[in-house]
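[1] Pasting a predicted model and its sequence here:
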Number of protein chains: 2
Amino acid sequence: MIRITSVSTAVVEANFDYTYVCIEASDGTKGYGEGFFAPGLAQSMREIGALLVGKEPTNVRSLVTMMRLATSASSGAHGEGALLHAVSGIETALWDLTGKLLGVPVWQLLGGKSRDTVPVYADLHAGTGLPSIDNLLRNRTPFWASQSGTTETGDFYWQSGDADELDFERIVERVQAAGHAGYRMVKLDMDVFEHRRDAEDQTLGTDQISEIAAQAIELRARVSPEVDIAYDCHWRFDIPSASRLHAELSPARPYWLEDPVNPTPEGLARVARAGSIPIASAENAYSLEGVSHLARDGGLDIATPDIQKVGGLLEGLTIAEWTHRNGIGFAPHCIASPLGFAAAVHVMAAAPSVRFLEFHGSDLPFWSELVTAPVIVEGSAPVPSGPGLGVELDLEVAKRYASPHEPFFTERAPRAGA
Amino acid sequence: MIRITSVSTAVVEANFDYTYVCIEASDGTKGYGEGFFAPGLAQSMREIGALLVGKEPTNVRSLVTMMRLATSASSGAHGEGALLHAVSGIETALWDLTGKLLGVPVWQLLGGKSRDTVPVYADLHAGTGLPSIDNLLRNRTPFWASQSGTTETGDFYWQSGDADELDFERIVERVQAAGHAGYRMVKLDMDVFEHRRDAEDQTLGTDQISEIAAQAIELRARVSPEVDIAYDCHWRFDIPSASRLHAELSPARPYWLEDPVNPTPEGLARVARAGSIPIASAENAYSLEGVSHLARDGGLDIATPDIQKVGGLLEGLTIAEWTHRNGIGFAPHCIASPLGFAAAVHVMAAAPSVRFLEFHGSDLPFWSELVTAPVIVEGSAPVPSGPGLGVELDLEVAKRYASPHEPFFTERAPRAGA
C-alpha cells in the first residue's frame, strides 16, 4: 500500500507569502497545495502535516477529519482561524497527490465537472501597481526587488497615503485594458485615500461620498458595458457611512459592493437595505458555519470564501452547494499563486453554479511563471484535464523567489532562528 | 520614555505545553504572559510580538487593537483562532509589565477589584492521574518523565481506553480529599470509556446512560453536600444522546453539565430543554462574539471562556460584563500554569460577578513550583496585591522542564529545525 513519507513546506515571497506544502508518497509521487498566508503558517503546516506521515493518502475526507480533531483545541467549535489555512493547504496537496495516484483530475474526485471553463475577474486594486504585503499586513519590498537584497519592511498597508493610485485616467485605461484582455468583470478598491489615515477612522464625510460616487458613475460611463465593475471596501467603513455610500453609488450600477463593513449578519443586512447593489462578503470566514452565519439576516448576496483559508476544496464545495440552494452568488476570493488558483478552479468546475473567481496577481511579474502551463486564457480559466490539480509548480522559478528564512521543501532545512 | 526592547518565548513541557512570552522594557523591567497551547504558537508569538519592539508598553488596549488589525487576514472578522492565543499571551505580558512599571496590581488597571478572593474548583479529570497531551492532542510522556530522556508521543488522547480511571472508590476518595482541601466544587470527566472508542462515535446507548447516571447519583450521596460536582463531556456526544443523558442525570444534581455536544446555539438549547441542569460551554470560543453567539437560543447558562485563548484580560472582562448583565454564570476554563491562572484571577477580581475558576494542574508534580508564591490557598485564590500579576515565574524551575526544541526566552535561541 502506498503511504505518505514526508510533508514539507516552502514560502515564495510574492505580493503575499505564497505558502506551499508538498506531500510525498512512498512511490515518489508528490502532491502540492497552498495555504493563505498567516504568521507561523509554514511551522504549523509542518507540525500538522507530520500527523499524515505513514498514512494512506487517498481517503482525503477522513484525513481532514483527523486534522480538524487534532487542532480542535485551537480552532474553535467548527474549525476557524489560522490553523485552517494549514489544513486547507494540506488538503489541497492530498487531492493533488490522490488525483495523480489515480490518474484523474481533482474535479473528478469531487463529483465530476459542471462546466469546462470558469469565469475569472481581474482585481485591479486601486488602478496602479500591486504592493507586497507581509504576514502582518505591512508593506514590504521583497528581497528580490530591494536595493539591499534583503526584505525591507514598512508601515501597515493602511497607514500609507495612496495619492499616486488615484489618477482617474489611469484607472480608466486599466479597466479598458482588462476588458480587451477578455475579462468580463474587474474589481477596484474603494478604500483608497490620498492621505495617510488611521485604520480606526471608519467614517466617510458627505463630500467624500459624493466624490467616490461621482467617480464610479463616470467610470461606468467610460467603460464598455460588457465589462462589469465591482468595488471592494476592505471592511473600512462603519454602518452609517457604508449605508449612505451604498445609496449614492447605485447609479454606477456596480456588480457588487464588497465588505462595506466588518461583517456581522446585522451589519451586512443594514447596509444591504440601503440600496440594490449586491453585497459581497466572507473572504475571512471559516468553514460553512462562518459563511452561512453572515447570511442570517439577509445581507449576504455574494459569498466570497477563500479556498486556501476556508478549509480546503471539500469545504469550498460544501459552501458552493449551500450558496446554490440559497440563491447566493459563489465568487471565491483568491490571492494565491497559480497553484492555489487552480485548486479554486477545481472547486468551481464541480460547483452547481458560480459567478467569478478572483485573479489578484496581475501586477506580479512572475505570477504566470510559477506553474508550467497557463491557468487563465482570455479572462477565464480552462478546467484542467490532467491528473491531480493539472498544473505543476515550476520549482526552479519558485526557488528563485523563495524566502531564504524558510525551508524549500525537503531540499533545505529550516534555518536556525527562523 | 520607556520602550519595549524585546519579545521572547519559552515552552514548558507539562500536562500541556505551557507557552510563555516575556516582554522586556528599556529600563530592564520584564512582563510575562501565557497563551493556550497550539501548533506553531511560540513562532507566531515571536512574529506578532516583534510588532511591539520600540513601542511604549502601557497603552495596552491600543497595542491589542494593533495586533488584532495586523492579524485580521488570519483571524476572521472578530478575532478567532490560534493567533488569538498568541495575542492573549502577549496582552497578559503587557499588563504584567505595565503594572510593574506603574507599581500597581493588574486588577487596579482593569477598574479595581470587586472581591479579595476568587473561588476555585478542582478539575479531577476521571479520578486518576493526569496525562500529558501535546499540541495536536496526542498522549505523550514528557522528556523529563520518559525512560529515553526524549518526549515520547502516542495516540490521540481519545483513542486510549481508560479502564484504570473508572475505579469508583478512587473517584469518591479524590472528591472527598478535594473537599477536605477546601474546594467547594470539583469537576469530573463524563466522556471516559473502558475501551478504545472512535472519536466519531457520538452515541450513548440506554445501558450506558443508566450506568453513568447511577454512578453520578451514588457519588452525590457519598460526598458532603458542601462540595458541588460538575461534569464535563468534552463535546463527545450527539444531541439525542446528550439530551437523554441530561434528563437521566438530573437526580444527581450536578453543578453544571459542560459541553455535552459540540456547541452551536441550537444544539445547546435543545440539550438545555431536556432538564434543569445548568449547561456550561465556551472554552473554545473566541472573543465576546464567539461566546455570546452560543447563548443566542437560550442554551448557555454558564460561560467558560479561557483567558489564555479568548483574547486576553480585556476581552475576558468584557465577556464578564456581558455574562453579568445577561444572568449567565462566569466560570473561566483554565489549564494554564500558575502564571496564566493568576491572569484569570485578575479578571475575576475585577469582574462584577463570578462563579469559579478552574484549577487543572492538581496532578502535575511541579505546578505550584512554577511561581515563587502560592496562587491557591484552601480552595480559593487570594487576589494578589503586588505590582503586575503579583506572581513571578520561577525561571530555574521553568528551565528544568523547558522544551529543548524551543528557545528559553532570550537565553537560548530557537534550535535549527525547530
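    Received the coordinates, thanks.
[2] Not counting sequence-adjacent ones, nearest residue to residue A:376?
    residue A:120 (5.6 Å; CB to CB, 6 or more residues apart in numbering or on different chains). For glycine as for every other residue, the C-beta is placed from the backbone atoms N, C-alpha and C.
[3] Name the helix or strand for residue A:290, please.
    helix A:287-294 (DSSP states H and E).
[4] check whether that helix contacts chain B.
    Yes. Using CB under 8 Å from any CB of the partner chain, helix A:287-294 reaches chain B at A:289-290.
[5] what's the angle from that helix to helix B:287-294?
    90 degrees (axes from the mean of the first three to the mean of the last three CA atoms, to 10 degrees).
[6] Residues touching helix A:287-294, excluding its own?
    A:78-80, A:84, A:263-265, A:268, A:281-282, A:285, A:300, A:303, A:305, A:310-311, A:315, A:318-319, A:322, B:76, B:264 (CB atoms under 8 Å, 6 or more residues apart in numbering or on different chains).
[7] Among the residues you listed, which are located in helices?
    Assignment to helices by DSSP state H places the following of the contacts of helix A:287-294 there: A:84, A:265, A:268, A:315, A:318-319, A:322.
[8] could the residues you listed go into a markdown table alongside neighbour count?
    Output for the ones in helices among the contacts of helix A:287-294, formatted as a markdown table (neighbours: other CB atoms under 10 Å in any protein chain shown):
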| residue | neighbour count |
| --- | --- |
| A:84 | 34 |
| A:265 | 16 |
| A:268 | 28 |
| A:315 | 26 |
| A:318 | 15 |
| A:319 | 27 |
| A:322 | 16 |
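[9] restrict the residues you listed to those near chain B?
    Answer for those near chain B (CB under 8 Å from any CB): residue A:84.
[10] Show me which residues of the stretch 1-150 of chain A sit near chain B.
    Residues of the stretch 1-150 of chain A lying near chain B (CB under 8 Å from any CB): A:36-41, A:43-44, A:47-48, A:51, A:65, A:69-78, A:80-86, A:135-138.
[11] just to revisit the earlier point, export the ones in helices among the contacts of helix A:287-294 to TSV and tack on pLDDT?
    What follows is the ones in helices among the contacts of helix A:287-294, written out as TSV (pLDDT from 0 to 100):
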residue	pLDDT
A:84	98
A:265	97
A:268	98
A:315	98
A:318	98
A:319	98
A:322	98
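[12] what's the spacing between the closest residue to chain B within the stretch 101-250 of chain A and residue B:96?
    Among all residues of the stretch 101-250 of chain A, residue A:136 sits closest to chain B, at 4.2 Å; criterion: CB to the nearest CB. Using CB to CB, to the nearest Å, we find residue A:136 at a distance of 23 Å from residue B:96.
[13] and the two? which has more neighbours close in?
    For residue A:136 versus residue B:96, neighbours defined as other CB atoms under 10 Å in any protein chain shown are more numerous around residue B:96 (30 against 23).
[14] Look up the pLDDT of that one for me, please.
    What the model reports as pLDDT for residue B:96 is 98.
[15] Now name the helix or strand holding the nearest residue to residue A:35 once chain neighbours are set aside.
    Closest residue in space to residue A:35, ignoring its immediate chain neighbours: residue A:89 at 3.0 Å, by CB to CB, 6+ apart. Using DSSP H and E, residue A:89 sits within helix A:82-102.
[16] before we move on, what about residue A:346?
    Using DSSP H and E, residue A:346 sits in helix A:338-350.
[17] That helix near chain B at all?
    No. Using CB under 8 Å from any CB, helix A:338-350 never reaches chain B; the gap is at least 14.6 Å.
[18] Helices of chain A, residue ranges please.
    Going by DSSP H, chain A shows helices at A:41-49, A:60-70, A:82-102, A:106-109, A:168-180, A:206-222, A:239-249, A:265-272, A:287-294, A:313-325, A:338-350, A:395-400.
[19] what residues are up against the residue lying closest to residue A:183 once chain neighbours are set aside?
    Using CB to CB, 6+ apart and skipping the chain neighbours, the partner closest in space to residue A:183 is residue A:379 (4.0 Å). Applying CB under 8 Å, 6+ apart to residue A:379 gives the contacts A:119-120, A:122, A:178, A:181-184.
[20] Recalculate using a threshold of 7 Å.
    A:120, A:181-184 (CB atoms under 7 Å, 6 or more residues apart in numbering or on different chains).
[21] Export those to a markdown table and append columns for pLDDT and distance to residue B:253.
    Shown next, in a markdown table, are the contacts of residue A:379 (pLDDT from 0 to 100; distance: CB to CB, whole Å):
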| residue | pLDDT | distance to residue B:253 |
| --- | --- | --- |
| A:120 | 98 | 62 |
| A:181 | 96 | 71 |
| A:182 | 97 | 70 |
| A:183 | 98 | 66 |
| A:184 | 98 | 66 |
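[22] Between the residues you listed, which sits nearest residue B:205?
    Closest approach to residue B:205 among the contacts of residue A:379 (CB to CB): residue A:120, at 52.8 Å.
[23] quick one: contacts for the closest one?
    A:183, A:356-357, A:359, A:376, A:379-381.
[24] Residue A:300 now?
    Contacts of residue A:300 (CB under 7 Å, 6+ apart): A:268, A:279, A:281-282, A:294, A:328.
[25] By neighbour count, which of the residues you listed wins?
    Going by other CB under 10 Å, residue A:281 tops the contacts of residue A:300 with 32 neighbours.
[26] nearest residue to that residue other than its sequence neighbours?
    Closest to residue A:281 by CB to CB, 6+ apart is residue A:263, at 4.5 Å.
[27] about what we covered before: who wins for proximity to residue A:31 among the helices of chain A?
    That would be helix A:82-102 among the helices of chain A, by CB to CB, at 2.7 Å.
[28] And that closest one, what's buried?
    A:82-101 (16 or more other CB atoms under 10 Å in any protein chain shown).
[29] Repeat that for stretch A:199-215.
    A:199, A:202, A:204, A:209, A:212-213, A:215.
[30] which of the residues you listed are close to chain B?
    Residues of the buried residues of stretch A:199-215 in contact with chain B (CB under 7 Å from any CB of the partner chain): residue A:199.
[31] how about the helices of chain A in CSV, adding distance to residue B:188?
    Shown next, in CSV, are these (distance: least, CB to CB, whole Å):
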stretch, distance to residue B:188
helix A:41-49, 31
helix A:60-70, 23
helix A:82-102, 29
helix A:106-109, 44
helix A:168-180, 63
helix A:206-222, 59
helix A:239-249, 46
helix A:265-272, 38
helix A:287-294, 30
helix A:313-325, 35
helix A:338-350, 44
helix A:395-400, 52
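[32] Please name whichever of those helices is nearest to residue B:167.
    So among these, helix A:60-70 is nearest, using CB to CB, at 28.0 Å.
[33] Run through who's touching the closest one.
    So helix A:60-70 is in contact with A:48, A:51-52, A:55, A:79, A:87, A:90-91, A:94-95, A:98, A:312, A:314, B:136-137, B:156, B:199, going by CB under 7 Å, 6+ apart.
[34] let's see it at 6 Å
    A:48, A:51, A:79, A:87, A:91, A:94, B:136-137, B:199 (CB atoms under 6 Å, 6 or more residues apart in numbering or on different chains).
[35] got it, and stretch A:317-337?
    Taking CB under 6 Å, 6+ apart as the rule, stretch A:317-337 contacts A:16, A:18, A:34, A:110, A:283, A:288, A:291, A:302-308, A:341, A:344, A:347, A:350-358, A:360, A:370.
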